[in-house]
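Participant: Fold the stuff below for me.
(chains A, B, C and D)
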Number of protein chains: 2
Amino acid sequence: MALRIGQLAEQAQVKVETVRFYERRGLITEPERTPAGYRQFPVETVRRIRFIKRAQDLGFSLSEITELLELRAHSPRACGAVERKARDKIVLVETKIRELESIKTALVTLATDCAKRAPSGECPILEALETD
Amino acid sequence: MALRIGQLAEQAQVKVETVRFYERRGLITEPERTPAGYRQFPVETVRRIRFIKRAQDLGFSLSEITELLELRAHSPRACGAVERKARDKIVLVETKIRELESIKTALVTLATDCAKRAPSGECPILEALETD
DNA sequence: CTTGACTCTGTACTTGGGTACAGGGTTTAC
DNA sequence: GTAAACCCTGTACCCAAGTACAGAGTCAAG
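Facilitator: Take a look at the predicted model:
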């Protein structure tokens, strides 16, 4: 039933070093050891690492994921707090999207001006970056 | 006419350490020195640092900015190459925006489910993160 | 009984863009 | 003439999320 670190890593789709790193960071609890010192992970750890990876894909940092895991540990009905964290994250994501949209607009303007230039002219991108 | 590092930093709106950092990175050329070893920057350096800062705001990394500056140094008509870099960057920005949009959709779904839950139920966000 | 695959600890390195000292020297204003 | 404010170099540190490596021990197959 118990998994060695290599088996866990394979099943959870991460590297062995990542598992040890997560253990150091406290994201997974310290496992039992064999007499020789080999880690013996319970199978649930696979789910826990998958949880971490999915939360990362949603833009949560490892510190935020630690909080999420603690919420779950302290109460199975911590839903309100979790929802609040999700909504906070939505606001951040929206802000980031807006910033990127305006970056994109600026880049498109510059590239378009550039394409329209007189064949012998100066580069409007470099000029645009140089002036206020 | 020449500026000391503190004056340059003030006019370019960066910190003194940042100027020295840019010099180490080769983003600005090494300035003359006074007999005592103080840097004497030509006034154009203010424009150069502003260029760097604006390009950063547009999402270019310092290595990319180095390339842009080199293009300008090698030819005042490097416009085609610059436009190509800008268009590459647009593609990257668009990809990032799409990724964030799908993250946002996932988060909104989770938070909405959470708000709709039965008062005594489990947290759908945590459940969703735990299952495939 | 040895070879190869696995595991252990501990430490250092990576990338990016700086920031923060420590321990000096210089210049300027009063 | 002295104190504040500036400048110098060199080094180390910060964040995040790992990755890499050295040098050692363990385990299973043939």
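
Participant: Tell me the secondary structure of the residue nearest the centre of chain A, please.
Facilitator: Taking CA atoms, centre = their mean, the centroid of chain A lies closest to A:Gln56, which sits 3.2 Å from it. Under DSSP: H, G, I helix; E, B strand; the rest coil, A:Gln56 falls in the helix class.

Participant: ok, and the closest non-adjacent residue to it?
Facilitator: The shortest distance from A:Gln56 to any non-neighbouring residue, by CB to CB, 6 or more residues apart in numbering or on different chains, is to A:Ile65 (7.0 Å). All C-beta atoms are positioned from the backbone trio N, CA, C, and that covers glycine.

Participant: What sits closest to A:Gln40 if chain neighbours are left out?
Facilitator: Distance criterion CB to CB, 6+ apart; nearest residue to A:Gln40, sequence neighbours excluded, is A:Ala2 at 3.9 Å.

Participant: Kindly tell me how buried whichever residue of chain A sits closest to DNA strand C is, as a neighbour count.
Facilitator: Scanning chain A for the residue nearest DNA strand C gives A:Gly6, at 2.4 Å (criterion: CB to the nearest atom of the strand). For A:Gly6, the count of nearby residues is 13 (other CB atoms under 10 Å in any protein chain shown).

Participant: Likewise for the one 3 residues further on?
Facilitator: Neighbouring residues of A:Ala9 were enumerated by other CB under 10 Å; the total is 20.

Participant: circling back to that earlier point, show me what contacts the residue nearest to A:Gln40?
Facilitator: By CB atoms under 8 Å, 6 or more residues apart in numbering or on different chains, the residues touching A:Ala2 are A:Glu32, A:Gln40, A:Phe41, A:Pro42, A:Val43.

Participant: what's the answer for A:Arg25, then?
Facilitator: Residues near A:Arg25 by CB under 8 Å, 6+ apart: A:Leu62, A:Thr66.

Participant: interface residues of chain A facing DNA strand C?
Facilitator: A:Arg4, A:Ile5, A:Gly6, A:Gln7, A:Val16, A:Arg20, A:Gly37, A:Tyr38, A:Arg39 (CB under 7 Å from any atom of the strand).

Participant: For these, work out which two are farthest apart.
Facilitator: A:Gln7 and A:Gly37 (16.5 Å; CB to CB).

Participant: any bit of the lengthiest helix in chain A sitting next to chain B?
Facilitator: Looking across chain A with DSSP state H, the single longest helix is helix A:79-115. Yes - Helix A:79-115 is in contact with chain B by CB under 8 Å from any CB of the partner chain, via A:79, A:82-83, A:86-87, A:89-90, A:93-94, A:96-97, A:100-101, A:103-104, A:106-108, A:110-111, A:114-115.
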